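In: can't give you the sequence, but here's the structure:
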């Protein structure tokens, strides 16, 4: 009993809250990219059907619409947790930044969530009930809602990476908003948004490819699935190209606003210029700067990524650490270097691999070729989680690279946790979320698999109730 | 009127909107095991709220985010203080949401029974806990000088809190049953009306007691007016239900919830979270609010968006205005 008491007293609400926020956020964001990407692709497919009347497009709209919805539900229910957690686990953070940070969140609700949730209901239940044009409009409005929601939440996140548009009110000990325009046009948000959107399209395209490959491997539903395959491949590659371009912009913004994060991405300890500002593709040994045994480096590349010139200077971790001690007082201002270093590489590597799979796929399946060996189709199926993993490690890099700051230069993570909650409270919630999320992941995957296996034709064959006495039922 | 007072009303409006809308969703969910004799019945019930439950639930997100933006101190103290209660609400809302979506994705009886059970618990638990939470907000909780909650989960489960919980549970259940009579046809409608009679007696007694205690402890003229309207509307709604006037009954239930929750906010004013430890530690409209600039920005956004939101949500309800019955469920589907 005494030991148990000691163990409970040893539970640290800060550490547990960090784990919980990480777990719930990464989990939430496993579903969001597919929502962001697929809603656009479904809207495009439905537009193509409305304009051409080609039934293949209708089948694709219905099948991928169904996959979109199964996934959407998970994004919605796990999203509520995100909003509540700021107050539940990070109340001192909420007190400190609420005047600034709350505004984009409330705007997200008023301008985006209501659109999403209302028009998605109209879209699901509106088949055969709304006119074709109005029904098409509902999915485009949903797309607007989903994307707008993404923008506002990224603007809120950007404030944590690079706070702008505020003053510190010392009497109230909080940050106060002075310029909402600056918060909404934060250079980090402007660059993070296209990066997030295009990466999501890349993943949604890869999911379409995987679904199509599943059926083409079995030589079934060939008409609509070949079209889906090509559509998905193009979406994935174009999304990938957009991710590279926007990632370049985001990198420049990062060097400008959070140089420590860029240095940590490269494990660059010494400030380097030109040839020496090289990008290491691989490093063997611990990348702590002291014991590098072997590495493959591309000279000039880091200089180019950071400054768009070959002879630019990239600040190293040691110099930045000294600067920050001077600016913010004693302390360690470096994030966990091995984590940022490898997360950055995995993000880029997996994204590139997704594009490579896409290009090879386009070549292999050109001119209606679908008689391909099974392993080709299996590769297409198993390649689909690559870009999702890239997105997850990318966010891990972004958020872990921000440490030890909660809001860069203003508040440290350790100072943001709720003072009133106990370690036991957070342990309970962490266990509850882990269990619920674990079970849901299994159920969700099973349902998705089943929806994919059922194929598109059965969805189109469903009777539509145009009779006014009857309501279309979807549950 | 100062902007922070207006935002107290906006936050009140958003929570009232949430309780009016998700209130009947909860009521439908709670009714599932009582009215749904077979799978077809249960599908009729679920489909009465099918197109709208998600938008209804969104109101709590918007209410919470608006609370954060306009009263950060309130949001911070409330959400961290009510930690485990909110965890239960979150778990319940997650269970309910996925159950609606996933129930129809399998055929086996066990699959469906599991999700039916999740819908029931996921509806009953928040219906109860929102009442507990709001009763405690009105009554006050132990807050220290730094506005930090010093109680635990059981502090909230006091007699007055539980009475508030039973009030929302009963009223939302009744609201849902009357909504079912409005949205369905056939035998299930009759059963909903009968059940509404019995639930109505209990809900009326407990709600009247709770609201009267609240009124006497925090008397105000506006509180008296709102409580009076709520009581009359609650009784009139049941008379209309007996007389088979579903539309009138439902409208009166909406009036009941608007005025009853309004009476709670009137009792709270000008506090937002009173401290039972020391009155000086209470969070008020003045010491918990955001800066003038933030409130101005948010007023523009809310002023432009809320009428628009109400318009398109009203249109959604109009699109899905038809009654649904066993005939609406396609045979052989699941």
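Out: Right, received. Where do you want to start? Quantities reported herein were computed from a predicted structural model and do not represent experimental measurements. Numbers count the residues shown, from 1 in each chain, chains lettered A, B, ... in the order given.
In: where does pLDDT dip in the chain?
Out: As the question left the chain open, I've gone with chain A. A:1-9, A:283-294, A:461-475 (pLDDT under 70).
In: let me rephrase: I mean chain B.
Out: In chain B, residues with pLDDT under 70: B:1, B:331-334.
In: quick check on residue B:283: phi, psi?
Out: phi -90, psi 130 (degrees, to the nearest 10).
In: and residue B:240, how many neighbours?
Out: The tally of other residues near residue B:240 (other Cβ atoms under 10 Å in any protein chain shown) stands at 20. (Each C-beta comes from the backbone N, C-alpha and C, glycine too.)
In: ok, the closest residue to it other than its chain neighbours - contacts?
Out: Closest residue to residue B:240 apart from its sequence neighbours, by Cβ to Cβ, 6 or more residues apart in numbering or on different chains: residue B:249 at 3.8 Å. When contacts are counted by Cβ atoms under 8 Å, 6 or more residues apart in numbering or on different chains, residue B:249 is found next to B:178, B:181, B:182, B:237, B:238, B:240, B:241.
In: neighbour-wise, which one of those leads?
Out: Going by other Cβ under 10 Å, residue B:178 tops the contacts of residue B:249 with 30 neighbours.
In: quick one: the helix or strand harbouring it near chain A?
Out: If you go by DSSP states H and E, residue B:178 is part of helix B:159-183. No: applying Cβ under 8 Å from any Cβ of the partner chain, one finds helix B:159-183 separated from chain A by no less than 9.1 Å.
In: next, the contact list for residue A:92, please.
Out: A:415, A:416, A:417, A:418, A:419, B:76 are the contacts of residue A:92 under Cβ under 8 Å, 6+ apart.
In: hang on, the fourth one in a strand?
Out: The reference is to residue A:418. No: per DSSP: H, G, I helix; E, B strand; the rest coil, residue A:418 lies outside any strand segment and is coil.
In: residues in contact with it?
Out: A:13, A:17, A:88, A:89, A:90, A:91, A:92, B:76, B:80, B:83.
In: how many neighbours does residue A:445 have?
Out: Residue A:445 has 11 neighbours, counted by other Cβ under 10 Å.
In: and it, helix, strand or coil?
Out: helix.
In: for stretch A:266-279, list every residue counted as buried.
Out: By neighbour count on 16 or more other Cβ atoms under 10 Å in any protein chain shown, the buried set for stretch A:266-279 is A:266, A:267, A:268, A:269, A:271, A:272, A:276, A:277, A:278, A:279.
In: hang on, I meant stretch A:334-350
Out: Quick answer for stretch A:334-350 (16+ other Cβ under 10 Å): A:334-335, A:337, A:339-350.
In: let me know the closest of these to chain B.
Out: Nearest to chain B among those is residue A:335, at 26.4 Å by Cβ to the nearest Cβ.
In: so that closest one makes contact with residue A:397?
Out: No: using Cβ atoms under 8 Å, residue A:335 makes no contact with residue A:397, being 9.3 Å away.
In: quick check: residue A:452 vs residue A:247, distance?
Out: 30 Å (Cβ to Cβ, to the nearest Å).
In: so the host helix or strand of residue A:61, near chain B or not?
Out: Per DSSP H and E: residue A:61 is located in helix A:55-89. Yes: residues of helix A:55-89 contacting chain B under Cβ under 8 Å from any Cβ: A:69-70, A:73-74, A:76-81, A:83-84, A:86-89.
In: pull out the buried positions in stretch A:68-88.
Out: A:68-88.
In: neighbours around the residue of the stretch 201-350 of chain A at minimum distance from chain B, how many?
Out: Evaluated by Cβ to the nearest Cβ, the stretch 201-350 of chain A has residue A:211 as its residue closest to chain B, separated by 16.4 Å. Neighbours of residue A:211 under the rule other Cβ under 10 Å: 27.
In: got the contact list for it?
Out: Counted by Cβ under 8 Å, 6+ apart, residue A:211 has contacts A:63, A:64, A:67, A:225, A:228, A:232, A:452.
In: over to residue A:453?
Out: residue A:214.
In: tell me how far it lies from residue A:232.
Out: Counting by Cβ to Cβ, the gap from residue A:453 to residue A:232 is 17 Å.
In: then residue A:324?
Out: 45 Å.
In: which one's more surrounded, those two?
Out: Neighbours were counted for residue A:324 and for residue A:232 using other Cβ under 10 Å; residue A:232 has more, 28 against 19.
In: need the next SSE after the helix or strand where the more buried one lies, C-terminal direction.
Out: Element membership for residue A:232, per DSSP H and E: helix A:222-257. With elements assigned by DSSP H and E, the helix or strand that comes after helix A:222-257 is helix A:259-266.
In: which strands and helices sit next to the helix or strand that comes right after that next one?
Out: Scanning forward in sequence from helix A:259-266 by DSSP H and E, the next helix or strand is strand A:272-273. Other helices and strands packing on strand A:272-273, by 3 or more Cβ pairs under 8 Å, 6 or more residues apart in numbering or on different chains; DSSP states H and E, are helix A:301-307, strand A:313-314.
In: and the first one, how far from the chain's centre?
Out: Average the C-alpha atoms of helix A:301-307, do the same for its chain, and the two points are 25 Å apart (Cα atoms, centre = their mean, to the nearest Å).
In: residues contacting that helix, please?
Out: So helix A:301-307 is contacted by A:248, A:251-252, A:255, A:262, A:266, A:268, A:272-274, A:277-279, A:309-314 (Cβ under 8 Å, 6+ apart).
In: can you map out the strands along the chain?
Out: Assuming you mean chain A. A:166-169, A:174-177, A:272-273, A:279-284, A:294-298, A:313-314, A:405-407, A:411-412 (DSSP state E).
In: nope, chain B
Out: B:271-273, B:283-284.
In: which residues sit against the last one?
Out: For strand B:283-284, the external contacting residues (Cβ under 8 Å, 6+ apart) are B:71, B:73, B:74, B:77, B:143, B:147, B:270, B:271, B:272, B:273, B:274, B:275.
In: in TSV, list those residues along with distance to chain A and neighbour count.
Out: Formatted as TSV, the contacts of strand B:283-284 follow (distance: Cβ to the nearest Cβ, whole Å; neighbours: other Cβ atoms under 10 Å in any protein chain shown):
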residue	distance to chain A	neighbour count
B:71	8	28
B:73	6	23
B:74	9	27
B:77	7	29
B:143	9	23
B:147	8	22
B:270	19	11
B:271	18	22
B:272	13	27
B:273	12	25
B:274	17	20
B:275	13	21
